[in-house]
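Participant: give me a 3D structure for the following:
(2 chains)
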Number of protein chains: 2
Amino acid sequence: MTYINGGVTAAKGFTASGIHCGIRKNQTKKDLAMIKSDVRCNAAAVYTQNKVYGAPITVTRENISDGFAQAVIVNSGNANTCNADGVEKAEMMCDIAAKALGVDKTDIIVASTGVIGMTLDVTPIAESADKLASQMNPDGGTDAAEAIMTTDTISKEVAVEIELSGKTVTIGACCKGSGMIHPNMATMLCFITTDCAISSAMLQKALSSVVKDTFNMISVDGDTSTNDMVCIMANGKAENTVITEENADYENFRVALFALSVKLSRLIAGDGEGAQRLLECKVTGAPAEKTAKDIAKSIICSSLVKTAMFGSDANWGRILCAIGYTPGDFYVDCIDVYLSSRMGTVKVCEKGFGIEFSEDKAKEILLEDEINLLIEMNQGDYEATAWGCDLTYDYVKINGDYRT
Amino acid sequence: MTYINGGVTAAKGFTASGIHCGIRKNQTKKDLAMIKSDVRCNAAAVYTQNKVYGAPITVTRENISDGFAQAVIVNSGNANTCNADGVEKAEMMCDIAAKALGVDKTDIIVASTGVIGMTLDVTPIAESADKLASQMNPDGGTDAAEAIMTTDTISKEVAVEIELSGKTVTIGACCKGSGMIHPNMATMLCFITTDCAISSAMLQKALSSVVKDTFNMISVDGDTSTNDMVCIMANGKAENTVITEENADYENFRVALFALSVKLSRLIAGDGEGAQRLLECKVTGAPAEKTAKDIAKSIICSSLVKTAMFGSDANWGRILCAIGYTPGDFYVDCIDVYLSSRMGTVKVCEKGFGIEFSEDKAKEILLEDEINLLIEMNQGDYEATAWGCDLTYDYVKINGDYRT
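Facilitator: Coordinates of the predicted model:
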């Protein structure tokens, strides 16, 4: 498997573009994107588990239920959620995209991200659709990635190549994250495209299998968004032998999709609202997979751990505290804790108790912008990794008055 | 029931004091307190549910298991948690207090609050115990309340009076909160004293019943501390008819204890680390008590709701979002949301959808330092209230480098 340049248009037969249409007041910020495959794709998706979910989720779920899709329309600046006319507006977006792109409207994936509970004005979308459609091109992935950003500070694109049955298969994606990030069975907006020949059923199986260990293991602020969505479209243009069962090709595809998703997850966590540091928490030696995951997420979600990391403070007691309030059966008196970064590794806790360590070394390690918290539980063979970020002044600033 | 001045020494027969002994470097901060009853008390307590718990919890649980206690020794500045010699040190604190106060060492309640995982030096405690004991007096409650503060900005004392079988019964308390506040079946440090004549069993029943709707409904930062403890000592000096069953006197006592605990809970939430505003979330019309509680806590715990409140931003979509990711069976399409304070009330969401409201009025309401978030679910008769605070720059500042 090889990482390559590019994103959502890296695979054969996909085009995209993004523009400022006027949903956002700031004219320098793109706010509307479309992604299209030349041909109809097999498709799969996972969605937020929040009981309050955006109207685009309702419409996309219906459109994708037959296992097919061909294009995406997505706006930033307005989540089209908790609006009485939300579904109607989401359907209008599908109509607009279908006409502009010459695609069946039931093959449109529609998504929105931004403020909740503000009526969406579709006029700027309708007025810009033809212009946007005319700009669709195989290098337009970056424009699309930029158009879905909200408080993200960097656009997020990843692409990988693998070989399946003698053919080069490409998977590419763009995503956005930043705030309200604590996915539960689904995640923020992520659009994945591939030229792999694979059935919708196997696509859904691979996606669901990958999401639970990647996007669902990120937390920026513990808030599960109402509009989370990861979708994947596969157009078969790589001409590999169609994957219709769990064979070696499926496994290779799944591993590549996993690697791509880990990279996107790390990008999202590291670019959490206000974040200065990416936190990766790896739990090993756990008595059960769920325990490993729950502990990793508990640590990543702790406001006290997150603020300590912001201050490069080796206050490992807070890590123990977050382990301790994790549900599940496990022993705390055999747990070791290490703080690590590219500057080195220091053991700060052994068998649940504090040990002597160099505060200077710990500080040096924690001043890096990528921190690894390693939890060796010494009571089993399961492991899990979660990703998050530090909690900073800027998180408070960004969210203290998001709407203005 | 009447609120009266005073705290943990308001009831007959209790004395207390607090001094700086040297555990904390800052000599202007008291760090050691003792509370004593003239006579042996019936006693009850609830503790943290964190699997990582402080050595003082282990020792107090053992000492109180017979239903009796007579005195409290408590230090701030060091939590005596995750230390290999923690239990030994906590027992030494009991010995020291027992000798200084002339009380049996198994009747000592010991508690500690402060940094986790730092070895506790008991020397300053041993050297100051006699001096502290000599200062014990019926007006010493405030000194004790001050000595248990960590990042608290105000000391917290409440006292109430009720009449039971023709006698005046007093309940008084002091507590500390501030950070790592998200109690689960127990809470931060709280010491309650009463001259009520009541059996240990009824005392435990009343305390457990009250804690679940008061201290367990607070959250400052979602982190359940390792050292949470609420204990109550009753010395019978009011000479009321002893309460040994769930009669009218028991209910009167329980209601007074509840009122006292609500006041303490509000004090703790409003003085959360860095807090500028007390948030009270009341959920009504819920289909089940657990749902009402879970939703109230979900809203109070949401970083996005907390930062919006910091910014006086009527971003009610975040409240809906936090309702939506609460577990349980309920409908979101009949929920109404109101923002309220002493400046008035504004309805911002009806049947799950946004409605027109005056942003100016909402801003005026949210600029107050006590905000009420009212959730009318319109699907049952259950209700619950939770307390929290806004998330501010100062929370990040305080916790970015707590140990230095």
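Participant: next, count neighbours for A:Ile4.
Facilitator: 12 (other CB atoms under 10 Å in any protein chain shown). (Each C-beta comes from the backbone N, C-alpha and C, glycine too.)
Participant: and the helix ranked longest in chain A, what does it pack onto?
Facilitator: Secondary structure of chain A read by DSSP state H shows that its longest helix is helix A:248-270. Here helix A:248-270 touches strand A:156-164, strand A:167-175, strand A:189-194, helix A:200-211, strand A:278-286, strand A:382-389, going by 3 or more CB pairs under 8 Å, 6 or more residues apart in numbering or on different chains; DSSP states H and E.
Participant: just want the angle from the longest one to helix A:248-270.
Facilitator: In terms of direction (axes from the mean of the first three to the mean of the last three CA atoms, to 10 degrees), helix A:200-211 departs from helix A:248-270 by 40 degrees.
Participant: CA atoms of helix A:200-211 as PDB?
Facilitator: These are the backbone C-alpha positions of helix A:200-211, laid out as PDB (Å, rounded to 0.1, in the frame of the first residue of the first chain):
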ATOM      1  CA  SER A 200     -22.300  -2.200  -2.100                       C
ATOM      2  CA  ALA A 201     -22.600  -4.900   0.600                       C
ATOM      3  CA  MET A 202     -18.900  -5.500   0.800                       C
ATOM      4  CA  LEU A 203     -18.300  -1.700   0.700                       C
ATOM      5  CA  GLN A 204     -20.700  -1.300   3.700                       C
ATOM      6  CA  LYS A 205     -19.000  -4.100   5.500                       C
ATOM      7  CA  ALA A 206     -15.500  -2.700   5.000                       C
ATOM      8  CA  LEU A 207     -16.600   0.800   6.000                       C
ATOM      9  CA  SER A 208     -18.400  -0.200   9.100                       C
ATOM     10  CA  SER A 209     -15.500  -2.400  10.200                       C
ATOM     11  CA  VAL A 210     -13.000   0.400   9.700                       C
ATOM     12  CA  VAL A 211     -15.100   3.300  11.200                       C
END
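Participant: hmm, the helix or strand just after it in reach of chain B?
Facilitator: Next helix or strand after helix A:200-211 toward the C-terminus (DSSP states H and E): strand A:229-234. No - legend: contact between strand A:229-234 and chain B by CB under 8 Å from any CB of the partner chain is lacking; minimum distance shown is 15.0 Å.
Participant: again, but for stretch A:308-317
Facilitator: Yes - counting by CB under 8 Å from any CB, chain B is contacted by stretch A:308-317 at A:308, A:310-311, A:313, A:315-317.
Participant: check the residue in chain A sticking out farthest from the centre and give its pLDDT.
Facilitator: For chain A, the largest distance from the centre (CA atoms, centre = their mean) belongs to A:Glu356, which lies 38.4 Å off. Here, the pLDDT recorded for A:Glu356 equals 91.
Participant: any idea how far it is from A:Val346?
Facilitator: Separation of A:Glu356 from A:Val346 (CB to CB, to the nearest Å): 11 Å.
Participant: and for A:Glu376?
Facilitator: Look at A:Glu376 and A:Val346: by CB to CB, they are 14 Å apart.
Participant: shaky segments in chain A?
Facilitator: For chain A, residues meeting the criterion pLDDT under 70 lie at A:179-188, A:222, A:401-404.
Participant: may I see the domains of it written out as residue ranges?
Facilitator: Listed domain ranges for chain A are A:2-270, A:278-400 (source: automatic domain parsing).
Participant: so which of these is the most surrounded?
Facilitator: Mean neighbour count (mean count of other CB atoms under 10 Å in any protein chain shown) peaks for domain A:2-270 among the domains of chain A, with a mean of 22.
Participant: can I get the longest helix of chain A as PDB, trimmed to CA atoms?
Facilitator: C-alpha atoms of helix A:248-270 as PDB (Å, rounded to 0.1, in the frame of the first residue of the first chain):
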ATOM      1  CA  ALA A 248      -7.900 -11.600   0.100                       C
ATOM      2  CA  ASP A 249      -8.700  -8.700  -2.100                       C
ATOM      3  CA  TYR A 250     -11.400  -7.600   0.300                       C
ATOM      4  CA  GLU A 251      -8.900  -7.800   3.200                       C
ATOM      5  CA  ASN A 252      -6.300  -5.800   1.200                       C
ATOM      6  CA  PHE A 253      -9.000  -3.200   0.400                       C
ATOM      7  CA  ARG A 254     -10.100  -3.100   4.000                       C
ATOM      8  CA  VAL A 255      -6.600  -2.600   5.300                       C
ATOM      9  CA  ALA A 256      -6.000   0.200   2.900                       C
ATOM     10  CA  LEU A 257      -9.300   1.800   3.900                       C
ATOM     11  CA  PHE A 258      -8.300   1.400   7.500                       C
ATOM     12  CA  ALA A 259      -4.900   3.100   6.900                       C
ATOM     13  CA  LEU A 260      -6.600   6.000   5.100                       C
ATOM     14  CA  SER A 261      -9.100   6.400   7.900                       C
ATOM     15  CA  VAL A 262      -6.400   6.400  10.600                       C
ATOM     16  CA  LYS A 263      -4.700   9.200   8.800                       C
ATOM     17  CA  LEU A 264      -7.900  11.200   8.400                       C
ATOM     18  CA  SER A 265      -8.700  10.600  12.100                       C
ATOM     19  CA  ARG A 266      -5.400  11.900  13.200                       C
ATOM     20  CA  LEU A 267      -5.800  14.900  11.000                       C
ATOM     21  CA  ILE A 268      -9.200  15.600  12.500                       C
ATOM     22  CA  ALA A 269      -8.000  15.100  16.100                       C
ATOM     23  CA  GLY A 270      -4.900  17.200  15.600                       C
END
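Participant: report the angle between it and strand A:278-286.
Facilitator: 130 degrees.
Participant: hey, where'd the strands end up in the stretch 1-150 of chain A?
Facilitator: A:2-4, A:14-19, A:32-47, A:68-78, A:108-115 (DSSP state E, counting those that start in this stretch).
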